[in-house]
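Student: Need the 3D shape of this:
(one chain, ligands or ions: 2)
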Amino acid sequence: MRNSPSSSPHSSPNSTESTDNGTAPRTPLRLGVAGPVGTGKSSILATLCRELAGELSMAVVTNDIYTDEDARFLRSAGVLPTERIRAVETGACPHTAIRDDVSVNLDAVEDMEEAYGPLDLILIESGGDNLTATFSPALVDAQIFCLDVAGGGDVARKGGPGISGADLLVINKTDLAPYVEVDVERMVEDARGARSGLPVLALSRKDAPSVTELAAWVRSLLARHREGSHTPVDPGPMAPHSHAGEDGHVHDEGGHVHDEGGHVHGEDGHGHEEGESGHGHGETGGRGGGLAHGAAHGHTHGHAHP
Ligand SMILES: Nc1nc2c(ncn2[C@@H]2O[C@H](COP(=O)(O)OP(=O)(O)O)[C@@H](O)[C@H]2O)c(=O)[nH]1
Ligand SMILES: [Mg+2]
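Tutor: Ligands and ions are numbered 1, 2, ... in the order given. Below you'll find the predicted structure:
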């Protein structure tokens with residue numbers, strides 16, 4: 001981390017700055033925050049900006065379905081210069097933009113780095129409503145998965161790739177636990193049980209020590225990223241799902257061919273076939289390919305478009 005007085009947060013030295021060993025140029029840490037709607041992802045971004053923007057050069061990318069609601073919330077929170085907060089509008093399938101075809105998010109990240117770089121930290125908030133959506137390691141170096149106590153004490157037990165494999169699992173809004181009759185300790189224990197040693201943090205923005213712990217975790221991750229000892233890990237593909245109010249669609253993450261008939265887009269040979277009829281999500285083998293991710297995916301969409 002850069003704490004020296006010379007490294008003011010928003011005017012950094014040149015972009016060819018090297019890591020300590022003098023080899024690779026420094027690249028910003030891209031940290032994703034995923035989790036169900038309302039669990040407090042935007043609030044975590046705001047908290048991290050508040051805690052870290054004084055010492056790090058930061059930018060934020062949000063993913064919203066049709067609006068820039070999250071970006072507007074963060075801009076109005078005044079935690080970062082507004083131009084450093086960018087919204088990606090993902091259309092009906094927001095998990096696709098963080099998982100299967102991340103090009104629009106990568107573009108946003110690159111734009112931010114070009115405009116304000118060198119950046120230390122780029123935070124990316126997932127959109128969508130799916131409990132199991134995770135980021136592709138092609139987009140983020142690490143990810144936080146966020147649950148909240150109000151979602152019920154048994155959520156952590158239900159598992160899913162984000163819960164079991166994200167770099168950090170946050171159990172958020174612990175201040176609400178007495179009102180929703182959730183035993184936080186128990187919820188944290190359940191979560192630990194699902195994570196084979198990966199960290200779990202009970203967080204509330206009203207609980208200063210927990211906020212300090214969150215910021216410390218990010219600092220330590222950044223340090224590991226810079227010294228090259230952090231390896232991005234894919235928590236795994238999302239579970240089969242369909243969207244309420246939609247016809248359902250099929251994601252087939254196992255195969256490495258996009259058979260989507262119509263147009264092909266993206267750098268890595270993704271094709272999209274837009275169907276009229278229903279869809280359902282399915283997975284056929286494979287865990288999404290770890291770090292080699294982003295090469296190609298079997299992926300079939302049949303969306304009804306308005
Ligand atoms: N009591 C309490 N409320 C919180 C906390 N964090 C977020 N919230 C509230 O939870 C709601 C959803 O938060 P938001 O960050 O928008 O969730 P997101 O949809 O996951 O981005 C908002 O009303 C927040 O004010 C917390 O630590 N404690
Ligand atoms: Mg949000």
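Student: who touches Thr82 in this structure?
Tutor: Arg75 (Cβ atoms under 8 Å, 6 or more residues apart in numbering). Placement of C-beta: from N, CA and C, glycine included.
Student: contacts for stretch 193-203?
Tutor: 40, 44, 156-157, 159, 163-174, 184, 187-188, 191-192, 210-211, 213-214, 217.
Student: Kindly apply the preceding question to stretch 67-80 instead.
Tutor: Against stretch 67-80 from outside (Cβ under 8 Å, 6+ apart): 41-42, 45-46, 49-50, 53, 58-60, 62-64, 82, 85-87, 89, 125, 127.
Student: Mind checking which of the residues you listed are buried?
Tutor: Neighbour counting with 16 or more other Cβ atoms under 10 Å marks 41-42, 45-46, 49-50, 53, 58-60, 62-64, 85-87, 89, 125, 127 as buried within the contacts of stretch 67-80.
Student: Among the residues you listed, which lie within helices?
Tutor: In helices, judged by DSSP state H, the following of the buried ones among the contacts of stretch 67-80 are found: 41-42, 45-46, 49-50.
Student: Quick check on Ala53: phi, psi?
Tutor: phi -70, psi -20 (degrees, to the nearest 10).
Student: Could you check the pLDDT of the residue of the chain at minimum distance from ligand 2?
Tutor: Proximity of the chain to ligand 2 (Cβ to the ion) peaks at Ser42, 3.3 Å away. What the model reports for Ser42 is a pLDDT of 96.
Student: Now name the helix or strand holding Pro232.
Tutor: Following DSSP states H and E, one finds Pro232 outside all helices and strands.
Student: which bits of the stretch 201-306 of the chain sit near ligand 1?
Tutor: Residues of the stretch 201-306 of the chain found near ligand 1 (Cβ under 6 Å from any ligand atom) are 204-206.
Student: Now list the buried members of those.
Tutor: 204-205.
Student: Give me every residue in the stretch 51-200 of the chain lying close to ligand 1.
Tutor: Residues of the stretch 51-200 of the chain lying near ligand 1 by Cβ under 6 Å from any ligand atom: 70, 172-173, 175-176.
Student: So which one of the residues you listed is the model least confident about?
Tutor: Among those, Asp70 has the lowest pLDDT, at 93.
Student: Apart from its chain neighbours, what residue comes closest to that one?
Tutor: Nearest residue to Asp70, sequence neighbours excluded (Cβ to Cβ, 6 or more residues apart in numbering): Thr62, at 3.9 Å.
Student: just Asp64 next, same as before
Tutor: Nearest to Asp64 is Gly127, by Cβ to Cβ, 6+ apart, at 5.1 Å.
Student: wait, doesn't that neighbour sit right on Val61?
Tutor: No: checked against Cβ atoms under 8 Å, the pair Gly127 and Val61 is beyond contact range at 10.6 Å.
Student: ok, which stretches of the protein are helices?
Tutor: Using DSSP H, helices in the chain cover 41-52, 69-77, 94-99, 103-116, 155-158, 161-165, 177-180, 184-193, 208-227.
Student: Of those, flag the one that's most buried.
Tutor: helix 94-99 (a mean of 26; mean count of other Cβ atoms under 10 Å).
Student: still on that earlier bit, of the residues of the stretch 51-200 of the chain next to ligand 1, which pair is most distant in space?
Tutor: Pairwise distances across these peak at 21.8 Å for Asp70 and Asp175 (criterion: Cβ to Cβ).
Student: returning to that earlier point: any chance of the residues of the stretch 51-200 of the chain next to ligand 1 in a markdown table, plus distance to ligand 2?
Tutor: Converted to a markdown table, those look like this (distance: Cβ to the ion, whole Å):
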| residue | distance to ligand 2 |
| --- | --- |
| Asp70 | 4 |
| Asn172 | 12 |
| Lys173 | 14 |
| Asp175 | 19 |
| Leu176 | 17 |
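Student: which of those residues are buried?
Tutor: For those, buried by 16+ other Cβ under 10 Å: 70, 172-173.
Student: how much space is there between Pro199 and Lys173?
Tutor: Separation of Pro199 from Lys173 (Cβ to Cβ, to the nearest Å): 18 Å.
Student: mind showing which ranges of the chain have poor pLDDT?
Tutor: Along the chain, the model assigns pLDDT under 70 to residues 1-26, 238-306.
Student: Give me the domain ranges for it.
Tutor: 29-227, 240-306 (automatic domain parsing).
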